[in-house]
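A.B. asks: any chance you could fold what I've pasted below:
(chains A and B)
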Amino acid sequence: MRTTATGFVILAVIITAPAVPAIDFPAGRDAVGHALNRLTYGPRPGDVERVQRMGLSAWIDQQLSPARLDDSALASRLPAMPAKPKTVSSQQEARRYGREAVQVLAQQKVMRAVYSERQLEELLVDFWFNHFNVYAGKGRTSLFIPEYERDAIRPHVLGKFRDLLGATAKSPAMLFYLDNWLSADPEAAERLASQQQQRRARAGLTAPPNAQQRKRGLNENYGRELLELHTLGVDGGYTQDDVINVAKAFTGWTIGRPQPLGRRAQGARRRPFGQAPPAMDMDLGDAPFRFARELHDTSEKIVLGHRFKSGGGMDEGERVLDILASHPSTAKHIATKLVRRFVSDDPPEALVARVAARFRETDGDLREVVRAVITSPEFFAAREGKMKTPLEFIASAVRATGRDMTDAQPMLRALQQLGMAPYQCQPPTGYDDTAETWITAGALVTRMNVAQQIAGAQRATEIGGPEFQKR
Amino acid sequence: MTSRRVFVKSGAMAMVSLGFAPSFLARAAEAATARKKLLIAIFQRGAVDGLNMVVPYGEADYYKLRPSIAIPRPNAAEGAIDLDGFFALHPRMGALKPLWDNSSLAIVHACGSPDQTRSHFDAQDYMETATPGVKSTRDGWLNRYLQATGSDTSPLRGVAVTKQMPRSLQGHAPTLAVGNIESFDVRGGMGAARELETAFAGSSDSLLSGSAKAAFEAMRTLHAASSGRYQPAAGVEYPRSPFGQALQEIARIAKSDVGLEVAFTEATNWDHHVAEGATQGQIAQRLDDFSRALAALATDLGDRLSETVILTMSEFGRAVAENGNRGTDHGHGNAMLLIGGPVKGRKVYGKWPGLGADQRFEGRDLAVTTDFRDVFGEVATRHLSLSPEALANVFPGFRPGGQLGVFRA
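C.D. replies: Numbering: from 1, shown residues only, chains lettered A, B, ... in the order given. Prediction:
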């Protein structure tokens, strides 16, 4: 029986993944249980047997092609997103919508973690959102978080890294969160301001009182985090000059601004870019990516040794993303993070090197990169050491009990208590993924109490106990 | 009825009645008689703009480079609060002025890391491990201090009032991270708690077994020493902000005499790349909350302040010049505050490097003239009980640059 199963597994690997050397999937309940613990939000009753029947390799393939999995039962569990209002009449109204939208999105996230059949995809959406973290509490970022996850993150988690990177770079959520929407060539901004002043003078209007204060210039925030966190990694071999030149290359990458309707109605053509929107009717309908040529720094730049001739435009940002996506440091950085997520808090170097090589060979094909991690011998050998994050703990507790959860709100409160509220991680580093951060005396007590709440007295000591905290 | 509820709620009493050795009670009693020196470390995460917190108003370049966010000179309207004729506090930090006046507030300016990183993550890591430039350090400096100075395994020697264990306190010495003392209790009855305690004690994973052991011990001790709602000293009102509440929890633990030696918490949201503000706005609001909370803590500690040092830190400072969005980008040197009875206050320590173009670090940032480890080291040896010979255990690879003299003899 065992031999047959193994034979079948090997065959499946050969058929479906010719590019990867066939590996001998460990057979037996332990290996399946391990895979379910690491590649899903925890096994439900009966899952181990189900995967054993279909074979681990076939199951992994299925999880790597989530579109083929029927997930229609999930839809009825997802609370409806509030409709994005076309216009709002005040900042408060905009903020209220943002809060509501993120609240519902957080409920959906917990529901998906517990009930989606596309478990690996959900884990990866969480992983990549966290990699390209944005924080709902910063200004108007929250207004754009639902579409950020839906359009910039989710479609690309098993696609090409360059597409994912490009989608985040152009997303209003990221442009807001890391301030790039405000970044401008100081001279261009000054030119623009003086033109506007002249126009106003011709129209017989006086200059705004704080015109001087509205002068804008370069903001390094996105440029730095793009290099440090999104691509090369902090030791990836860049300098402060690279940060500045990358920031310059992205000047003018901004968003179609929410229009103050009052102004528009008065016939004013354009509000000077980058001013805080006045508290009046704003158009929230669309704030898509926009390249503002007039704010772009057209000077010559050198980025990581590549010369950008003067006179460039939006192509400069794209070229920076190309350089970064294909840089060996990026391959290594992404490989390290994925191996840390799925294998060990201390990523084995040999595996990181193989996964990074796979990243480079496949031009950053994330499906193949993830496959290289989760079919590795190191993955199956690493049975100990990884601990569940609060989200994994809570979702796996609900899954283990097989409970019918209709309201995600109590789970969100528990996540808040455990310090991992969805979309509320303020720094761009995202939530940490190592045991020492999450397994502390205080957190264990909270976990024991949450176990009571989810599992009741019957299984509280199992789910609040030590074995269940392991991933 | 009431007494019965209290009895059941108190894990400590319950455990005694179940026959557990009451060593924790002995410890609490012992701690009460031999009160230890206390350090309260506060991390301003996100890199506070030290030049707008402790304003070098005597520098012309400060005003030249910050046209829209400079804090006006002391005599101007909404001006900074003068300290010594050159430096001044942000006008919303008035709550700390009485501590300056009575010599229990000192400042170390142009202080920071020898490492030049402008990454929040790395710089915080370097400061919390106190090993700038070394990423492989596993434990935090406060934990190494605990390791070096005692064999007592009580997790209450080092407590972080945070949801996650900060890097500073991670390591082999048992420590506790807890958000709120009142709700720090295992629900579901004594049977469940005992079963869980036994299960964790038997875990082969040392992180799980160690953390759980710390948790159960700490619960017993804390509940035996301090139960019910906390009542600060008369007239003290902590801000209702997360930072204010965290400091109140620290005061509560400190005053319950359970052997606390090192406490930690954090104040967040200092990363003002856009519209930082000056006398009003983002930084003003944050500094207002920060100062009022610190002042409340100092007052609430009462005579305990005579054996307490509150030390503030932030991963790096911010660029001298404002950026294109009336904010500031990541910089280098910064200011640390020290508050407490042992502090020789009413003085700004450290060599001031100046803000002129050729005096700035890489032409843009406040230069660092005092290694942050010199401040940490002085706190550990002069205020706490670390012997100078053991300094190298807590700060591996560090050659001290000389005493600042920030503590009273």
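A.B. asks: when you work out contacts or count neighbours from here on, use the C-alpha atoms and nothing else.
C.D. replies: Fine.
A.B. asks: I'd say A:Glu149 and A:Asn130 touch.
C.D. replies: No. Contact criterion C-alpha atoms under 8 Å: A:Glu149 and A:Asn130 do not qualify, at 10.5 Å.
A.B. asks: quick one: A:Met411 and A:Ser396 touch, right?
C.D. replies: No. A:Met411 lies out of contact with A:Ser396 (C-alpha under 8 Å); the separation is 11.6 Å.
A.B. asks: show me the contacts for the closest residue in space to A:Gly98 that isn't next to it in sequence.
C.D. replies: For A:Gly98, the nearest residue in space outside its immediate sequence neighbours is A:Leu143; the separation is 4.5 Å by C-alpha to C-alpha, 6 or more residues apart in numbering or on different chains. Neighbouring residues of A:Leu143 by C-alpha atoms under 8 Å, 6 or more residues apart in numbering or on different chains: A:94-95, A:97-99, A:101, A:173.
A.B. asks: pLDDT wise, what is B:Gly150 at?
C.D. replies: We have a pLDDT of 84 for B:Gly150.
A.B. asks: can you give me the neighbour number for it?
C.D. replies: 13 (other C-alpha atoms under 10 Å in any protein chain shown).
A.B. asks: hang on, the earlier thing: among the contacts of A:Leu143, which lie within strands?
C.D. replies: With strands identified by DSSP state E, none of the entries of these belong to them.
A.B. asks: enumerate the residues of the stretch 51-200 of chain B near chain A.
C.D. replies: B:68, B:119, B:121-122, B:163-166, B:170, B:175-179, B:184-188, B:192, B:195-196, B:199-200 (C-alpha under 8 Å from any C-alpha of the partner chain).
A.B. asks: and the strands in chain A?
C.D. replies: Going by DSSP E, chain A shows strands at A:87-88, A:253-255, A:282-283, A:289-291, A:301-303, A:306-308.
A.B. asks: any idea which of those gets closest to A:Asp407?
C.D. replies: Nearest to A:Asp407, of all the strands of chain A, is strand A:87-88, at 29.2 Å by C-alpha to C-alpha.
A.B. asks: strands paired with the closest one, and their directions?
C.D. replies: strand A:282-283 (antiparallel) (DSSP bridges).
A.B. asks: quick one: the strands in chain B?
C.D. replies: Going by DSSP E, chain B shows strands at B:38-44, B:54-56, B:81-82, B:87-89, B:105-112, B:158-160, B:176-177, B:262-267, B:308-313, B:334-339, B:347-349, B:370-371.
A.B. asks: partner strands of the first one and their direction?
C.D. replies: Based on DSSP bridges, the strands next to strand B:38-44 in the sheet, each with its direction, are strand B:262-267 (parallel), strand B:308-313 (parallel).
A.B. asks: kindly report the same for the longest one.
C.D. replies: The pairing partners recorded for strand B:105-112 under DSSP bridges are strand B:334-339 (antiparallel), strand B:347-349 (parallel), strand B:370-371 (parallel).
A.B. asks: give me the contact list for the shortest one.
C.D. replies: By C-alpha under 8 Å, 6+ apart, the residues outside strand B:370-371 that reach it are B:109-114, B:350-351, B:401.
A.B. asks: rewinding a little: TSV for the strands of chain B, including mean neighbour count and mean pLDDT?
C.D. replies: Converted to TSV, these look like this (neighbours: other C-alpha atoms under 10 Å in any protein chain shown; pLDDT from 0 to 100):
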stretch	mean neighbour count	mean pLDDT
strand B:38-44	23	98
strand B:54-56	27	98
strand B:81-82	21	98
strand B:87-89	24	98
strand B:105-112	27	98
strand B:158-160	26	96
strand B:176-177	28	90
strand B:262-267	24	98
strand B:308-313	24	98
strand B:334-339	25	98
strand B:347-349	20	98
strand B:370-371	22	98
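A.B. asks: show the contacting residues for the closest residue to chain A within the stretch 51-200 of chain B.
C.D. replies: Nearest residue of the stretch 51-200 of chain B to chain A, counting by C-alpha to the nearest C-alpha: B:Val178, 4.6 Å away. Shown in contact with B:Val178 (C-alpha under 8 Å, 6+ apart): A:441-443, B:159-163, B:184.
A.B. asks: from B:Phe264, how far off is it?
C.D. replies: Separation of B:Val178 from B:Phe264 (C-alpha to C-alpha, to the nearest Å) stands at 11 Å.
A.B. asks: need the overlap of contacts for these two.
C.D. replies: B:159-162.
A.B. asks: tell me which of these is nearest to B:Ala275?
C.D. replies: Of the shared contacts of B:Val178 and B:Phe264, the one sitting nearest to B:Ala275 (C-alpha to C-alpha) turns out to be B:Thr162, at 28.2 Å.
A.B. asks: what about that closest one, distance to A:Met420?
C.D. replies: Distance of B:Thr162 to A:Met420, given as C-alpha to C-alpha: 12 Å.
A.B. asks: okay, and the common contacts of those two?
C.D. replies: In contact with both B:Thr162 and A:Met420: no residue, using C-alpha under 8 Å, 6+ apart.
A.B. asks: mind checking how far B:Phe398 is from B:His109?
C.D. replies: Taken as C-alpha to C-alpha, the span from B:Phe398 to B:His109 is 20 Å.
A.B. asks: quick one: end-to-end distance for stretch A:350-370.
C.D. replies: Note: stretch A:350-370 ends 16 Å apart using C-alpha to C-alpha.
A.B. asks: state which one residue of the stretch 251-400 of chain A is found closest to chain B.
C.D. replies: A:Gly385 (7.7 Å).
A.B. asks: go on, chain A?
C.D. replies: A:Gly217 (3.3 Å).
A.B. asks: check the gap between that residue and B:Gly317 for me.
C.D. replies: 20 Å.
A.B. asks: what about chain B, any weak spots by pLDDT?
C.D. replies: B:1-35 (pLDDT under 70).
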